[in-house]
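> heads up, no residue letters with this:
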Ligand code: AMP
């Protein structure tokens, strides 16, 4: 099964992906995680992406598209993949469709995680991320529960950047809801609930 997750920053895409990927053998393709790894490793891509990410801006399309294309060519994506954080705008969505059709593959579902803005702001302010494995947790996690690594607050989860990211989501990413509804593959999940309830609903919506 090939899926993508849609939703504002803080809607719970990373957390749902962590659960679904483990349970159903899907390759998790998080462009945010891939870009953060590139920044951490100081690769050319990382150097190009860093400033945009710190400001909460979208990284230029071509950089992210190349990254996703490369990842989709890897064998672990063949049985099924879950895109998380990509596409973020219509150019990326259209490019993804044509890339998948060239590969003889297609998207089965786009899952929209719906949450009100107050919840998003509360969640992002409390969110902490593992510096080593990228696990998404909360400010109550002293160390990463998966690998024991250091938990830190992403620069783009600080209040001044959150506002910008939400505006970009509204303007550039939210039109994709209608794009995928039009393709008949949109599933909407109420994500203003605890992790377990969202996971159960998502599984139901996907017939898993
Ligand atoms: P995320 O972890 O998905 O919230 O992504 C963190 C940051 O990485 C975003 O604020 C963007 O700067 C960048 N990013 C991630 N995915 C994309 C994408 N599909 N297009 C452009 N920039 C992206």
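Structure's in. What do you need? Just so it is clear, the model here is predicted, and its values are computed rather than measured.
> can you list the residues of the protein near the ligand?
Those residues of the chain that sit near the ligand, judged by CB under 6 Å from any ligand atom, are 9, 31-32, 35, 52-53, 56-59, 64, 85-88, 92, 156, 165. Where C-beta positions appear, they are placed from N, C-alpha and C, glycine not excepted.
> now do the strands in this protein.
Along the chain, counting by DSSP state E, strands occupy 2-6, 27-30, 81-84, 109-114, 127-130, 136-138, 151-152, 186-190.
> wait, residue 89 touches residue 60, no?
No. When contacts are counted by CB atoms under 8 Å, residue 89 is not listed as touching residue 60 (11.0 Å).
> looking at the two, which is more packed in?
Neighbours were counted for residue 89 and for residue 60 using other CB atoms under 10 Å; residue 89 has more, 18 against 11.
> any weak-confidence spans in the protein?
Confidence mapping of the chain against pLDDT under 70 gives zero matching residues.
> check this protein for the residue nearest the ligand and tell me.
Using CB to the nearest ligand atom, the single residue of the chain nearest to the ligand is residue 32, 2.0 Å away.
> can you tell me how far that residue is from residue 176?
According to CB to CB, to the nearest Å, residue 32 and residue 176 sit 16 Å apart.
> could you do residue 57 as well?
Distance from residue 57 to residue 176, counting by CB to CB: 18 Å.
> re earlier: keep only those of the residues of the chain next to the ligand that are in helices.
Counting by DSSP state H, the residues of the chain next to the ligand place 31, 32, 35, 52, 53, 64, 92, 165 in helices.
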